[in-house]
Each structure stands twice: as C-alpha cells, then as structure tokens.
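Participant: Give me the fold of what follows.
(chains A and B)
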Amino acid sequence: MKRHLLEAADLDRADATLMLDTAAQIESALAGREVKKLPTLRGRTVVNLFYEDSTRTRISFELAAKRLSADVINFSAKGSSVSKGESLKDTALTLEAMGSDAIVVRHPASGAPHRLAHWVRGSVVNAGDGTHEHPTQALLDAYTIRQRLGRLDGVRVVLTGDVLHSRVARSNVWLLHTLGAEVTVVAPPTLLPVGVGSWPVSVSYDLDAVLPNADVIMMLRVQAERMNASFFPSAREYSRRYGLDARRMALLPDDAIVMHPGPMNRGMEIAAEVADSVRSTIVEQVGNGVSVRMAVLYLLLGGAPE
Amino acid sequence: MTTYLIKGARPYGEDTVDIVLRDSIIASIGEDLSVPGAEVVDATGLVALPGLVDLHTHLREPGREDAETVQTGSRAAALGGFTAVHAMANTDPVADTAGVVEQVWRLGQEAGLVDVVPVGAVTVGLAGTQLAELGAMADSAARVRVFSDDGHCVADPALMRRALEYVKALDGVVAQHAEEPRLTAGAQMHEGDRSARLGLTGWPAAAEEAIIARDVLLAGHVGARLHVCHVSTAGSVDILRWAKFRGVQVTAEVTPHHLLLTDECAEGYDPVFKVNPPLRTDADVQALRAGLADGTIDAVATDHAPHAMEDKECEWAMARPGMIGLEQALSVVVDTMVETGLLDWRGLADRMSVRPAAIGRLEGLGLHAQGRPLAPGEPANLVLVDPAFRGTVDPAALASRSRNSPYAGRELPGRVVHTFLRGAPTVLDGKATR
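Facilitator: Residues are numbered from 1 along each chain as shown, chains lettered A, B, ... in the order given. Alright, predicted model coming up:
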C-alpha cells in the first residue's frame, strides 16, 4: 500500500480491491454495534485541510476519522493559500510540526496534494483537487456499484455531465477501468477535454443511444454558469439534451442504477423524480463514503486491526 | 590592455590554431603563434565560437531584484558563453520609455560582463492599447531596435499592424509573444492528453499558431520585419516555413527548453516546469529541432526567466511561468542539435550568435558589433567550449539569483571554459572574472 492517496489513476487493482474489501469489513464489524467506533487510530491525528467549502466531504472524512478513534482537526482556509498570505508549504509544515499523521486536503488547484506530499512526512489524502481527481469519491462509487450489482468486472457505466471540469469524472474513469468496468462518457463536445481520446473509455454525444446498454448511469454536476462561457447555449437546452428525466430513465434496463456524487442541480442534470426513485443510490453513496474513507485512513496509517 | 594568446583552440570545431586578442579585436589567427608578453590561455581541445547573443532574457531589474539583477544575470550570461543579451521590457516599471531603457543599458555597462541590449515595450505598460514612444527609445543611448510586449501578446490586430509599420522607420523589429489571449484564459499547460488527465487547463497550440498566421500576413502586407518569440509548436514551424517561402520578412526563435523538454514534465505538478508557452509534445520538439536545423527558425533564445523561490514553491496554478536557462543554453543546444547531427558547430554559431545579432541589428556596430565571424580584425568576442565535458546541473551552483532551473539533476554535455568580451576575459576557467 502506498503512503498517500493522491489519485485513482495510480491505484492498481489489488490496492483498490483491498480498499473496497476493507470498507466492507469495517461496515460489517460495526453493524449492529451500539458504539459505532473502532479504537484503531487512537492517538493518531488527522487534519482536514480544506481550501474550498465542502461540507459533505469534510463531514464524511471527519466522521471516518472519529469512528477510528483518531483526533481530528479541521483547518478551513477558504480561498487560495497565496491570497490568504500563508503558503501551502508553510501551512503543511506547521500542521506537521503539530504532530499530524495524515492530512486530508481539498484544494482548488489541481496537483496541490502532490505538492503537499513532497513537503510532509505523514500521509496525504486527496479530498478533491481542482479539476484533477477526487479519489475517495470514485472508491465510494465503486463500492456502491459493487454492493448493488454484486460485481464491477464488465459492468457498463455511463458517466454524463461536465466531464471537462469534473474531478469526480477523472477519478471514476481511471478507477472503474482498473476494476474492469466498461466506461462510456457522454457530454456535449465542449464539456469533454481535448485528449479524451487517450482515456480508456468510449465517447458519445448521444445520451439516448447509450442508455439501453447501461448498468449504471452516473450524473455529474453541471453548473448553469458554464453557459456564460458558451459551453452550451442555455441551461434548458443542456437539460433537454443531457439531463436525466423520467423518459430517459425508462430507456435504462430494469436493474440499472442511477448515481450522483452530489450536490445535485435538480431540474438541470437530473429530474427530481429520478433523484428520488428506487433506482437512485444517492443516499447510499453518502453512507458508503464514511466506510470507504475509514478504510483509506486505516490502510494508509497502517493501524492494526482490532 | 592585456594581449591574450589562446593556444590550441578549434574555431567552429575545425582545425587547431592559436588566436591572438589585442586591443579589443582578434589580431591574428594561425598555427604556432608566439607573442612576447602576451598572457597565454590554454585552450587545448576547446571549440572556439563567436560570443553568443541572446534575443530574449529577463533580467528583472528594475523591480524584482530579489529574483535577478542586471549584475547577476550578466554573470550567468557570461558563464553561459554570451557576450550580448537582450533584456526584456516587462520590468517594474515597464521599459516603455527612454528613461527606463537607458537605466537598464547603464546597469549593463556597469556590470561589464556582457552587452546588455534593452528591448523596448511595444505598448505603454504592456497594456496593449497605446503605442509606447518607440522612436524615443530607438534614439536613446540604449539604441533600442527590438520592441516586444513579451509576457503579453499584442493581441489587437490593428495595433499590431501599426506597430509593425511604425518600426520600419527605426530599422526596428516587433518581437511578438504569440498567444491569442481569448484562447488561453486560465491556461496552465499544453492542451492534450496530459492536460486532460492532470486536470490542468489547456493552452492550445492553435492559440500560438493563429497569432503567427495573422502576424506574418500583416508583416507581408505592410512590408515590415516581424520576429516571433519562443516558437513552441510544429504548426508554428509550418506557418513560418510558408511565410518565408512567400518572402515575408519574418524571423523566429526557439528556447532551449522547448528543444529538450515535453509536457511529460508536468507530471508531479512541480511548477519549475510551468512556462509560457508551455512545454509541448515530443512531435513538437522534433519539428522545432528540424525547423532550427533547416533555418526556418533563425535563432535559439533562452527566455531566461528567474523567479523567486516563493513564486515556484507553491501550487502549479499559483506559480509564475518561466524557467532560467542562460547557463545551460549552449549545453542543451549541443545535446539536442550538435550531438544529434542536426547542426555542426558553424550551424550552432549561426543560430546562437550570427542570426540573433543580425535580428537585433548588432552586426554593424564596428567595435561594438556582435555576431561577427572569428576572423582577424573582428571584435574579440568569443567563447571557448569543452565539448567532451559532461556534467550534472546543480541549481545551487548557478550564478543566477534564482534557482528555477528545469535541468536540475540532468546530465548535459559541454562546458563554457572561457568567454571574452572585446578582448577582455569575462570568464576564465569556468569562473566569472567580476
């Protein structure tokens, strides 16, 4: 196991599977317990270093660390480190001097966790960096798919939305590929990166055409403001061509599931009746996030199992 | 003034001769010369070349003396084998008046290690809206001939046309930083497979090529001279080749780093590899080498861009673009062009001395001329290079005040042993003389 979790792209199949299996073990170990807590990381310190607002991810990591009995410090530094005055490096060295064993970092700049990993001795967990990656999101998505469908190998996953600006998309593309899934990305060409041809995915511009052959449809958040930079003409046109509404959901095979990493734009990329349908795993994803993040912290910090 | 007798040098890598430097000029070249009273410099096995001329150096003074000064940059240049450098205009204050260019010129004279030739800004404050007083800068003591808003593109096509026309009266040239700004908003690296995976906003090759295509058409239309800074793409080389074939008066430069490094360097997000224009693909590197070899690209220019530590030890997106290169430029060109057989030593001298001097209009200045051949009667500007040397780059050992070298830890061939500026040594045995 590596010391850091910087990106899903550098996880091999064995490590990724171990993370998912460990999450499952932790979940069953805690099932039915009155006190939902393991003593594994007692005396260890985990810092949540968040340069962007993200209540759900921060809370999920905080809960994961606390359920492993670690001490948790939340360090919120909204805006860039430069505009705040203290450099990322100085912040990292300060946190390390205070005895942090792991830094969970969310940052608006792609690659910031890689830089951090150069400067500190402890573990670095990427909790989302710019438009690069969000590896624990992909792990919890993979965990959720495996839980619902019983497997990942050969599962046909459609990712649709703002792939260009999505760190969730990048992490999912690499992790799902590593775990044997067949990934198709669907978006207007403006929201796909130049270079998407080098990814291990199929590319389509036509959502209706791919839905009948999908086991999983994963919706990515699309910001309506993107239309101001002409990525698409209007929110309404986007929604018509790429939004998941009840008509489109009906094109899916009967046992296919609908996923969304949240926060959702109801009415934009996903219709309310789809988000709330039985196919939707959106609430499960949130719950699974805690188990998966526990597994990641446990494996990186090398805590002995109970 | 001391007379120097250089023993056993090989001009342009050819036959071994002795060279006598006296009264600022090359007094004689021949076999087994002896000059009573002369100081003898052992140059056994060393290649003698005319002093190198850089069209594109950022010396950071005035304004960012923490990153570089005219003094420290001059020392780095001399150690790199240069006898003249063009100092870019994006200082603080901007070199957009006769006062600032004369200040930089005087600082260069005081440093006395290379001829510091100021570049004047094309537009006031590099803002791209109003022409700076180009004539005043041309007529000043600094004798500006190269005008550039480098760091920014002169993006307004009407303003670019006027600038090209106006400098005709000054025997000047507009050196364009070719980057269509509407296509590079927030850009961090070359747009392609790697940017797609690394999640860094892409800088498309077309943003450079579109401006070069536009500007060669404008230069052809008004019959003016255009110089293109730091060409970085295969498409740009194609456009330049087409324009030259059509008779457009266009010249172009390529940096050492674009001849050697690719966007692969962005893996790991170390901002020492962040540069504008960005490092491109291997196919671009090959096209740039071929373009430099066949003369489509006229010159190698360093784009030496020193930055303070805090501007590079940070997140990629927050880092300033640019890398230092004066001290490794010759080695990189030896590595990429000479050892690959693409250029011989005469070719290297042409691209790193003769042509850049001609573009900057330095070749006809009598005793102060640059880029002249190694021949009796010419100004004694020369560099002696050990072609057999191979060494590993240690940024801490560089003369530049900054440490942002992309070549750290890399083994490169060739070493500058001696440099002479008008008959006086600026570097002896690899050490700057002042």
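Participant: can you map out the helices along chain B?
Facilitator: B:70-79, B:98-111, B:134-139, B:157-166, B:193-198, B:205-222, B:234-245, B:256-260, B:282-294, B:329-333, B:345-349, B:355-359 (DSSP state H).
Participant: could you dump the second one to PDB, C-alpha only?
Facilitator: Presented in PDB, the C-alpha positions along helix B:98-111 are these (Å, rounded to 0.1, in the frame of the first residue of the first chain):
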ATOM      1  CA  ALA B  98      13.800  56.200 -23.000                       C
ATOM      2  CA  GLY B  99      14.500  56.700 -19.200                       C
ATOM      3  CA  VAL B 100      13.900  53.100 -18.300                       C
ATOM      4  CA  VAL B 101      15.800  51.600 -21.300                       C
ATOM      5  CA  GLU B 102      18.700  53.900 -20.600                       C
ATOM      6  CA  GLN B 103      18.800  52.800 -16.900                       C
ATOM      7  CA  VAL B 104      18.900  49.200 -17.900                       C
ATOM      8  CA  TRP B 105      21.600  49.900 -20.500                       C
ATOM      9  CA  ARG B 106      23.800  51.800 -18.000                       C
ATOM     10  CA  LEU B 107      23.400  49.000 -15.400                       C
ATOM     11  CA  GLY B 108      24.700  46.600 -18.100                       C
ATOM     12  CA  GLN B 109      27.700  48.900 -18.800                       C
ATOM     13  CA  GLU B 110      28.500  49.000 -15.100                       C
ATOM     14  CA  ALA B 111      28.300  45.200 -14.700                       C
END
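Participant: list the contacts for the nearest residue to B:L59 once chain neighbours are set aside?
Facilitator: Of all residues beyond its chain neighbours, the one nearest B:L59 is B:G73 (4.1 Å), with distances taken as C-beta to C-beta, 6 or more residues apart in numbering or on different chains. C-beta coordinates here come from the backbone N, C-alpha and C atoms, glycine included. Residues near B:G73 by C-beta atoms under 8 Å, 6 or more residues apart in numbering or on different chains: B:T57, B:H58, B:L59, B:R60, B:E61, B:V85, B:A87, B:H304, B:P306, B:L326, B:S400, B:R401.
Participant: try A:G302
Facilitator: Listed by C-beta under 8 Å, 6+ apart, the contact set of A:G302 reads A:M1.
Participant: Name the nearest residue to whichever residue of the stretch 251-400 of chain B sits closest to chain A, sequence neighbours excluded.
Facilitator: In the stretch 251-400 of chain B, the residue that lies nearest chain A is B:Y269 (2.9 Å; C-beta to the nearest C-beta). Using C-beta to C-beta, 6+ apart and skipping the chain neighbours, the partner closest in space to B:Y269 is A:G111 (2.9 Å).
Participant: before we move on, what about B:T296?
Facilitator: That would be B:R241: by C-beta to C-beta, 6+ apart, it lies 4.7 Å from B:T296.
Participant: hang on, the earlier thing: in JSON lines, list the helices of chain B along with mean pLDDT.
Facilitator: Output for the helices of chain B, formatted as JSON lines (pLDDT from 0 to 100):
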{"stretch": "helix B:70-79", "mean pLDDT": "98"}
{"stretch": "helix B:98-111", "mean pLDDT": "98"}
{"stretch": "helix B:134-139", "mean pLDDT": "98"}
{"stretch": "helix B:157-166", "mean pLDDT": "98"}
{"stretch": "helix B:193-198", "mean pLDDT": "98"}
{"stretch": "helix B:205-222", "mean pLDDT": "98"}
{"stretch": "helix B:234-245", "mean pLDDT": "98"}
{"stretch": "helix B:256-260", "mean pLDDT": "98"}
{"stretch": "helix B:282-294", "mean pLDDT": "98"}
{"stretch": "helix B:329-333", "mean pLDDT": "98"}
{"stretch": "helix B:345-349", "mean pLDDT": "98"}
{"stretch": "helix B:355-359", "mean pLDDT": "98"}
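Participant: I'm done for today, thanks for sticking with me.
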